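>>> No letters, just coordinates:
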């Protein structure tokens, strides 16, 4: 079976039409994972028994002639920052090694209610902190397009699993670009929904006001399909919005003619790789040919986005990660004799270097005497960034930019230079800070054969327009399936 | 007082104490503040827990509407202004019974502000109430309680601490006063009043033994007349109002002695040891806290708009002070008795219900005052422990009112009630539902005999000394063993003596 040909759309149709047997399909995927994943490292945990049972249940329903749920039998992968009852959840950290979650994240529950089959939990940077997946507490992920390169991060395992056909689609999480950047690096589609569009219940928090869950897929249509089933108000997440869920699949069929696309000059300056620049500009021309109006715009506070992000994200992380204290679950140091030793040693042994760096940065930013200069100032800049976008969306329907300044870099290339690593998120962090939706779609291949991503950002809760433009672009270029 | 210092009065008089109190009150909601777990004291350890209150990775808080309503009700009862928008914040510190490593509380935008409690100086004894004073309430905010660390009671308690996380997520309000109190007595009265008000609202049982009301005190001293506050100490770990008064007493004298001997008061947290009646400074390591408050990103700002406030306020019961004034007005009782009758909401309700059902409500109040109080005092009982319920008092009041029993009979039946620890109606029944005699034939015979036997008194009566009739009434009652109806006796006597 050619698993690379399978999309969410084609799989669910084939299962619904009794052409594909979900049990056999899941078996095929596990075979491929067994064969290919040792080179890639996309999965941290496989839940085969559980998946096979679920697949058998779908098959039984199909055999009985029952109507099947909308995602029946579609094999998916879940980034290991989301919980599934009875399955280990590590968030890519050693501190949670062996922790079996007693409850299931809302997004996973919704996918499973829709009939999807979870194959396993994917690798990621520890607590979603990183842009290369090299911060995984277990092992790095290799980019399926070039094994010497990083898949991006922090949802590198999910992006790699989709790109390497180790699942049909996956869920990732995006706090500063962690869905879109690895999607761009791996040549797949990554969707960041509006903040509040998708429940965070069961998402192991990195930075609560910035964390988003979204799909990583092979096609824009697949992203639209998955979003429909994971989106919507959840009474377990107070920050999930009570905004009706659109039928995104229907929306993307509409033409893009007449839509105004803003091109922010701040996203095409210093540090942007010429190949990426050329690919993105070509993509914008394609969209113009499809009838979009191209409008030069300015997002004047863009240069402050990365520092603002690293203050707010680390401040929230410093509190979110306080619960990993060795008291009730996760790693507890065996060499501690006092309570404070237990805290310090458990955390020292359990957390990796980047996580510790961020906890310290965030703790500092919130400290007495520094709060106003850092945290409060960052919140003020966040408001200015939001205003930039509000102003922009007065003039345009969507904004198009590169997803990343460069294509995938080599493993080890940036591990000793955190600031240069942080700058890999320069085009993606702002959408998280502002809470608007965005997507990365493949828009070309570099001379070295590396995928390049086009980012499309939309107004709050306007995923439909973002998906629609991405879908039109995909069709114009024939990159969709 | 447990204080051992003997500060000369004139030295003490040179200083004015300044006291502010922080009171934590658990709210009696059905479920916890941020999850659906039962909010119940005394269940087996770690049974009322879920991913949210255990702070498991990925779990998120969802605010309990009833907790908000209770907090608003309490805030309004304390005269506070509700902030239409308040913000939850994370208070960060590591402790084993705080599973998230932070407490969800409120910081710079609390639920309510600018309240007050009116003190009447009642603590100065009976007859007080002339020195009305308002103690300001700075703020009331909502937060979650932490779990409990259990340091003893296990075989390996010397080396291990056990955790009971049932209490995690119990809704709390923290009520912070202004530094307006000037004596331990005032602090005591403030707490008594605060507890009474909260009890009346019904949002908490304010049980200090079970920890549903907890209090920390900030105290400093300054030379009388000085405007600036002195350096304060925070006194914690005090688990009764009496101990708070004692701890403050001790702390004030300690601070005065320090200043008098040329030392300085250090700003610190001090723990009270009730056995010794002393406070002790905590080690510096334990007090070096920077809580790094910041807005809780998992919760939206709490909005309690005017309409919701109005809806909540509509459920406000009559508060103790207002009720007391009404009792004085309606039942013609003294302010002191009104205070006693409103010791708790449930008791005041019982009293009022009984009084209203009785033929003469005032008589019920009078009986409580004249017959019940003395007997309770003699037995060292509170009015809530009285063998005679308010219904019993009302029942007895009706018997007297209808003339079925005399007040002398009532006194005897009350005595029996207290002796046998049984309510009045039961004793009355057990005693065969005695009725004072109105059998005029028998009475007439007694009176005739008395008149014949006491010619001197009859003469005095006829000479105009009408008060002598009292002598005859007494004799008739004696002869009838108290069963005679005094008004009937009076009538018959007058008739016979006049003839």
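Structure's in. What do you need? No experiment lies behind these values; they were computed from the predicted model shown. Numbering: from 1, shown residues only, chains lettered A, B, ... in the order given.
>>> SS state for the single nearest residue of the stretch 201-350 of chain A relative to chain B?
Closest to chain B within the stretch 201-350 of chain A is residue A:322: 2.4 Å, counting by Cβ to the nearest Cβ. No exception for glycine: its C-beta is placed from N, CA and C like everyone else's. Recorded secondary structure, residue A:322: helix (DSSP: H, G, I helix; E, B strand; the rest coil).
>>> got it, and the one 4 residues further on?
Three states are possible here, and by three-state DSSP the one that applies to residue A:326 is coil.
>>> Neighbours of the residue nearest to it when sequence neighbours are not counted, how many?
Leaving aside its chain neighbours, residue A:326 sits nearest to residue A:346 (3.1 Å; criterion: Cβ to Cβ, 6 or more residues apart in numbering or on different chains). As a burial measure, residue A:346 scores 22 neighbours (other Cβ atoms under 10 Å in any protein chain shown).
>>> Count the residues that sit near the residue of the stretch 201-350 of chain A closest to chain B.
Neighbours of residue A:322 (other Cβ under 10 Å): 23.
>>> Surely it and residue B:99 touch.
No - if you go by Cβ atoms under 8 Å, residue A:322 and residue B:99 don't touch, sitting 9.7 Å apart.
>>> and residue 293, what is it in contact with?
Because you didn't say which chain, this covers chain A. The contact partners of residue A:293, by Cβ atoms under 8 Å, 6 or more residues apart in numbering or on different chains, come to A:258, A:259, A:260, A:261.
>>> wait, I meant chain B there
A:366, B:89, B:90, B:91, B:92, B:105, B:107, B:108.
>>> repeat for residue B:218
So residue B:218 contacts B:19, B:20, B:21, B:22, B:179, B:232, B:233, B:234, B:235 (Cβ under 8 Å, 6+ apart).
>>> Kindly recompute the last result at 10 Å.
By Cβ atoms under 10 Å, 6 or more residues apart in numbering or on different chains, the residues touching residue B:218 are B:18-22, B:176-177, B:179, B:181, B:229, B:232-235, B:267, B:269.
>>> Can you tell me the SS state at residue A:45?
Under three-state DSSP, residue A:45 comes out as strand.
>>> Now for it, how many residues are close by?
18.
>>> Once you drop chain neighbours, what's closest to residue 339?
Because you didn't say which chain, this covers chain A. Closest to residue A:339 by Cβ to Cβ, 6+ apart is residue B:96, at 7.0 Å.
>>> wrong one, I was asking about chain B
residue B:324 (6.2 Å).
>>> Could I get the contacting residues of the one you found?
By Cβ under 10 Å, 6+ apart, the residues touching residue B:324 are B:318, B:333, B:335, B:336, B:337, B:338, B:339, B:340, B:341, B:342, B:348.
>>> What about it? Give its phi and psi, please.
The phi/psi pair for residue B:324 (degrees, to the nearest 10) reads phi -60, psi -50.
>>> follow-up on the earlier one: report the buried members of the contacts of residue B:324.
B:333, B:336, B:337, B:338, B:339, B:340, B:341, B:342, B:348 (16 or more other Cβ atoms under 10 Å in any protein chain shown).
>>> Which ones among these map onto helices?
Residues of the buried ones among the contacts of residue B:324 located in helices (DSSP state H): B:336, B:337, B:338, B:339, B:340, B:341, B:348.
>>> mind putting these in JSON lines, pLDDT included?
Listed next are these as JSON lines, based on pLDDT from 0 to 100:
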{"residue": "B:336", "pLDDT": "80"}
{"residue": "B:337", "pLDDT": "78"}
{"residue": "B:338", "pLDDT": "84"}
{"residue": "B:339", "pLDDT": "82"}
{"residue": "B:340", "pLDDT": "77"}
{"residue": "B:341", "pLDDT": "80"}
{"residue": "B:348", "pLDDT": "85"}
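>>> any idea which of the residues you listed is the one closest to residue A:67?
Proximity to residue A:67 was ranked across those by Cβ to Cβ; first place goes to residue B:348, at 63.4 Å.
>>> Tell me the secondary structure of the closest residue to residue B:64 other than its chain neighbours, please.
Using Cβ to Cβ, 6+ apart and skipping residues adjacent in sequence, the residue nearest residue B:64 is residue B:33, 5.1 Å away. Of the three states, residue B:33 takes coil according to three-state DSSP.
>>> Can you give me every residue that contacts residue B:33?
Per Cβ under 10 Å, 6+ apart, neighbours of residue B:33: B:27, B:39, B:52-53, B:61-64, B:66-68, B:71, B:104, B:142-145, B:168-172.
>>> Ok, residue A:378 next?
So residue A:378 contacts A:304, A:307, A:308, A:309, A:310, A:311, A:312, A:313, A:314, A:315, A:365, A:433 (Cβ under 10 Å, 6+ apart).
>>> same thing but at 8 Å, please
So residue A:378 contacts A:307, A:308, A:311, A:312, A:315, A:365 (Cβ under 8 Å, 6+ apart).
>>> I'd like the residues you listed as JSON lines, with secondary structure appended.
Listed next are these as JSON lines, based on three-state DSSP:
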{"residue": "A:307", "secondary structure": "helix"}
{"residue": "A:308", "secondary structure": "helix"}
{"residue": "A:311", "secondary structure": "helix"}
{"residue": "A:312", "secondary structure": "helix"}
{"residue": "A:315", "secondary structure": "helix"}
{"residue": "A:365", "secondary structure": "helix"}
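>>> in the residues you listed, which two residues are the furthest apart from each other?
Checking these with Cβ to Cβ, the most distant pair is A:307 and A:315, at 12.6 Å.
>>> what about the two, which has more around it?
Using other Cβ under 10 Å, the more surrounded residue of residue A:307 and residue A:315 is residue A:315, with 28 against 15.
>>> out of everything not next to it in sequence, what's closest to the one residue in the stretch 1-150 of chain B that gets nearest to chain A?
Nearest residue of the stretch 1-150 of chain B to chain A: residue B:101, at 2.4 Å (Cβ to the nearest Cβ). Spatial nearest neighbour of residue B:101, chain neighbours left out: residue A:322 (2.4 Å); criterion: Cβ to Cβ, 6+ apart.
>>> how much space between the residue positioned nearest the centre of chain B and chain A?
When Cα atoms, centre = their mean is applied to chain B, the residue found nearest the centroid is residue B:196 (4.2 Å). Separation of residue B:196 from chain A (Cβ to the nearest Cβ, to the nearest Å): 35 Å.
>>> gap between that residue and residue A:391?
56 Å (Cβ to Cβ, to the nearest Å).
>>> related to what we said a few turns ago, in this structure the residue nearest to residue A:339 contacts residue B:161, no?
Yes - Residue B:96 is within contact range of residue B:161, at 6.5 Å (criterion: Cβ under 8 Å).
>>> Of the two, which one has the most company?
residue B:96 (19 against 15).
>>> The more buried one belongs to a strand, doesn't it?
No - per three-state DSSP, residue B:96 lies outside any strand segment and is coil.
>>> three-state assignment of residue 276?
Just so you know, I chose chain A. Once three-state DSSP is applied, residue A:276 turns out helix.
>>> Chain B, not that one
Quick answer, by three-state DSSP: residue B:276 is coil.
>>> And for residue A:221?
Under three-state DSSP, the three-state class of residue A:221 is helix.
>>> what's the burial count for it?
With other Cβ under 10 Å as criterion, residue A:221 counts 24.
>>> Does residue A:467 touch residue A:439 like I think?
Yes - between residue A:467 and residue A:439 there is a contact at 6.7 Å, judged by Cβ under 8 Å.
>>> List the backbone torsions phi and psi for residue B:422.
phi -130, psi 150.
>>> ok, it - contacts?
Contacts of residue B:422 (Cβ under 8 Å, 6+ apart): B:387, B:416, B:430.
>>> which of those count as buried?
B:387, B:416.
>>> Take the contacts of residue B:422 and keep only those in helices.
B:416, B:430.
>>> gap between residue B:244 and residue A:319?
Where residue A:319 is concerned, residue B:244 sits at a distance of 33 Å (Cβ to Cβ).
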